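A.B. asks: sequence first, predicted coordinates after that:
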Amino acid sequence: MRSSWPTARSPPGARDRCSKPTAAARTQYAIVARHGLTEEAAAAEFDLGVVALAGGSAEEAADRIARGLDAGARQVPRALALLLLAEARVRAGDPDCAEREIGRLPFEPVSPAARRWPASWSRALSSGGYSPSGPPSSAPPAARTSPGPPA
């Protein structure tokens, strides 16, 4: 059911800016589909949906992201895909469907695709140099002090 809510619009030039990523994602999809790689095809479908959403094609994005999710591929980050699908549904003028997608979020399993951390985070966390207030400390672990209780 379509809503009377105004739809979000893409910034000017978004379609032009997405022409190369769209071509790359279509090439990726064609290659994996030709070789019968179903999980990779689902991930490529998801990628096409993300590029379509960035380019302002909300309905195409919703269709492609939904197909990528429905295929159940491990490479598709399901929680992120649901958020993007909800955004595409809102932009396409269907906030009720977007609300249903958001409602599915707490029940999504965490997959390896959802646990991609930038290398700098992994190094900082494994070395004990993580600090929520800034970059990893360069001081050795023994020299670091944690704030204690007020004196």
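C.D. replies: Arrived safely. Small disclaimer: the values here were computed from a predicted structure and weren't measured.
A.B. asks: nearest residue to A66 other than its sequence neighbours?
C.D. replies: L85 (6.0 Å; CB to CB, 6 or more residues apart in numbering). Quick note: C-beta positions are derived from backbone N, CA and C, even for glycine.
A.B. asks: what does P109 give?
C.D. replies: Per CB to CB, 6+ apart, closest to P109 is R78, 7.2 Å.
A.B. asks: quick one: the one you found from L105, how far?
C.D. replies: The spacing between R78 and L105, counted by CB to CB, to the nearest Å, is 9 Å.
A.B. asks: neighbour count for those two, which is higher?
C.D. replies: Taking neighbours as other CB atoms under 10 Å, R78 and L105 compare with R78 leading, 22 against 12.
A.B. asks: quick one on the thing from earlier: just say helix, strand or coil for the residue nearest to A66.
C.D. replies: Classification of L85 by DSSP: H, G, I helix; E, B strand; the rest coil places it in helix.
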